[in-house]
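**Student:** With the sequence up front, the predicted model follows.
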Amino acid sequence: MAVNARALNGGWGALVVVSACLALGACKDDGAGSELGPTTESTAAEAPETGGDGDGDGDGDGDGDGDEIVGLELMTALGGLWTGPATMTPLGVFDPMHMDLRAADGHVLFSRVDLDAENSLRFMFSIEAIAGQDRLVYRNGGYFLGQLRDTRTILQDHTPLDPAGVSSWRFCAIDGGCDYVDARWEFQSPSELVLDVSVKGQQHVLWIADRVEARDLPDPFPVDATAQGSGDAPFPPMPTLEVQVSWQDPLADPADVWVLLSVQDCPLADFCDYARSLRTTAEAGATSATLTIDQVHAGGYKGNAILDRDQNLQATLFPGTGDAVSLPNQAVTIAASGTSMAALVTLVEL
């Protein structure tokens, strides 16, 4: 008996509902369901605010030249696997939260984390033509209880990188401006950042993260200044990975099945800096489970699977007595397009 489920991501245990609630606007209590329907790709692009721009030209640099696309160095600065605690959220503290920011193509920086088929979080940066002007756009969203939350924000002002790597970028919602969403990316050094977000004047998340792994990006990046749509373009096409996890004996009771994907070896006896993690629940009698992760970056990974028989990995963060794990760090390769397949067998009983 096999279970076939879409990607369920809980972090290495802690990231359970943060992906849904950190989608900007997802945890509102004032008509959130009316913002976007389940199949709507984005909010409409309206004229951007110029508050904080300093010169009124709307490009965020205060020099009076509205044709320049400023702030693009943020896309290069953000490349990498970042991890750290997400605090001050409407649902409490989530530690850790991992985001693997890489080039989805020559123009888009992208990362994603999933809770389940109805809940996910995505970050994306690209150039878009907003109200006729090419701007740097930070796109935040995903599905929350099956409803799409996809908020585009535009750069309002920024402090360029100094020699020590200190800098800041402020983004505000296209639809609603800074009074609706005010998102500040602040670098304390090249490998330390703070994401400080307010929604409608209320703290929404404070993510203090370290870059734990570098990622190669195209040079230059973006490869050119071509706008990626006008505020309504879909996400770029990306690969999918389907992982089958299997074990020998049918389950006596339901159990959680976890998959971790990391670029470096993942030590199961210690915390893992994973790029994506997935979880599903296999029912009694099952001998396998299939998990599908969408919008995953292509390349080589290390795959680890855990059969969490007592369903407590989320709380303990480590597999325990009675659980089963795969042989460590199995090679998983994701092709540049289409669906790649992987199989992991939980051979080692703890």
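**Tutor:** The structure has been received and is ready for your questions.
**Student:** Spatially central, which residue of the protein would that be?
**Tutor:** Residue closest to the average C-alpha location in the chain (Cα atoms, centre = their mean): residue 112, at 2.8 Å.
**Student:** Quick check on that residue: phi, psi?
**Tutor:** Phi and psi for residue 112, reported as degrees, to the nearest 10, are phi -150, psi 150.
**Student:** residues contacting it?
**Tutor:** 120, 121, 122, 123, 142, 276, 294, 295, 296 (Cβ atoms under 8 Å, 6 or more residues apart in numbering). No exception for glycine: its C-beta is placed from N, CA and C like everyone else's.
**Student:** Then residue 227?
**Tutor:** Contacts of residue 227 by Cβ under 8 Å, 6+ apart are 127, 128, 129, 134.
**Student:** circling back: nearest to residue 310, of the contacts of residue 112?
**Tutor:** residue 276 (24.0 Å; Cβ to Cβ).
**Student:** The closest one and residue 86, how far apart?
**Tutor:** Distance of residue 276 to residue 86, computed by Cβ to Cβ, to the nearest Å: 17 Å.
**Student:** give me the beta-bridge partners of the residue lying closest to residue 193 once chain neighbours are set aside?
**Tutor:** What sits nearest to residue 193 in space, not counting adjacent residues and going by Cβ to Cβ, 6 or more residues apart in numbering, is residue 187, at 5.0 Å. With DSSP bridges as the criterion, residue 187 is bridged to residue 167, residue 193.
**Student:** What about residue 187, how many residues nearby?
**Tutor:** For residue 187, the count of nearby residues is 22 (other Cβ atoms under 10 Å).
**Student:** Could you measure from it over to residue 202?
**Tutor:** In terms of Cβ to Cβ, residue 187 sits 24 Å off from residue 202.
**Student:** What of residue 321?
**Tutor:** Residue 321 is 43 Å from residue 202, by Cβ to Cβ.
**Student:** Could I get the average pLDDT for the helix of greatest length in the chain?
**Tutor:** Counting by DSSP state H, the longest helix found in the chain is helix 73-78. For helix 73-78, the mean per-residue pLDDT is 96.
**Student:** where in the stretch 101-250 of the chain is pLDDT low?
**Tutor:** Residue ranges of the stretch 101-250 of the chain with pLDDT under 70: 115-118.
**Student:** and if we set it to 80?
**Tutor:** 114-120, 142-148 (pLDDT under 80).
**Student:** ranges for the strands of it?
**Tutor:** With DSSP state E, counting those that start in this stretch, the ranges of strands along the stretch 101-250 of the chain come out as 109-116, 119-130, 133-144, 147-159, 167-173, 181-189, 192-199, 202-213, 240-246.
**Student:** out of those strands, which comes closest to residue 72?
**Tutor:** strand 133-144 (6.1 Å).
**Student:** Would you give the sheet partners of the closest one, along with the direction of each?
**Tutor:** Assessed with DSSP bridges, strand 133-144 is paired to strand 119-130 (antiparallel), strand 147-159 (antiparallel).
**Student:** Can you give the distance of it from its chain's centre?
**Tutor:** 12 Å (Cα atoms, centre = their mean, to the nearest Å).
**Student:** how about the CA coordinates for that strand, as CSV?
**Tutor:** What follows is strand 133-144, C-alpha atoms only, in CSV (Å, rounded to 0.1, in the frame of the first residue of the first chain):
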residue,chain,number,x,y,z
GLN,A,133,8.4,52.2,-15.1
ASP,A,134,10.9,49.3,-14.7
ARG,A,135,11.4,48.7,-11.0
LEU,A,136,12.9,46.1,-8.7
VAL,A,137,10.0,44.0,-7.3
TYR,A,138,10.0,41.7,-4.2
ARG,A,139,7.2,39.2,-4.6
ASN,A,140,6.0,37.4,-1.5
GLY,A,141,3.3,34.8,-1.2
GLY,A,142,2.1,31.3,-1.7
TYR,A,143,-1.0,29.3,-0.9
PHE,A,144,-2.7,29.7,2.5
